[in-house]
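Novice: would you be able to build a 3D model of this:
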Amino acid sequence: MVPQAEEMALSANCPPAVFIEFRMDAHKVLSFSPDRGALLTREAVLRKVGFEVFSTSTENQARFEIETAKCGVLLICFRVSPLVAKELGSAETALMGRSFLS
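Specialist: Alright, predicted model coming up:
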């Protein structure tokens, strides 16, 4: 299901991002970006193709959502520093045990 969302995002000229899938509930997405416009665009595109989306622009909120394991997919904007993106991805992978990047 994530590839469909990526295809829609590309066709809607959404800014690039990294998708990391963790659980079977991959219809629930945590979208993290410091750019409010990118968050709104991605959220609209993902909702249009049937995803439930929680968007946040803060690292602390993203960490909290990861720790409470409410989402099956973590979407990280390219504007997030590589170190923070890696840490968030590692935290989620440690909790859920499965990930992929595309």
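
Novice: any stretches of this structure with poor pLDDT?
Specialist: 1-24, 91-102 (pLDDT under 70).

Novice: all helices for it, in order.
Specialist: Taking DSSP state H as the criterion, the chain carries its helices at 2-11, 36-48, 59-67, 82-96.

Novice: return the second one as CSV; C-alpha atoms alone will do.
Specialist: What follows is the C-alpha trace of helix 36-48 in CSV, where atoms were taken according to Å, rounded to 0.1, in the frame of the first residue of the first chain:
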residue,chain,number,x,y,z
ARG,A,36,4.2,22.9,7.7
GLY,A,37,3.4,23.1,4.0
ALA,A,38,5.0,19.8,3.2
LEU,A,39,3.1,18.2,6.1
LEU,A,40,-0.2,19.5,4.8
THR,A,41,0.4,18.4,1.3
ARG,A,42,1.6,14.9,2.2
GLU,A,43,-1.4,14.5,4.6
ALA,A,44,-3.9,15.5,2.0
VAL,A,45,-2.4,13.1,-0.6
LEU,A,46,-2.2,10.2,1.9
ARG,A,47,-5.7,10.7,3.1
LYS,A,48,-7.0,10.8,-0.5
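
Novice: can you pull the buried residues of stretch 38-46?
Specialist: Residues of stretch 38-46 classed as buried: Ala38, Leu39, Thr41, Arg42, Glu43, Val45, Leu46 (neighbour count, 16 or more other CB atoms under 10 Å). Every residue, glycine included, has its C-beta placed from N, CA and C.
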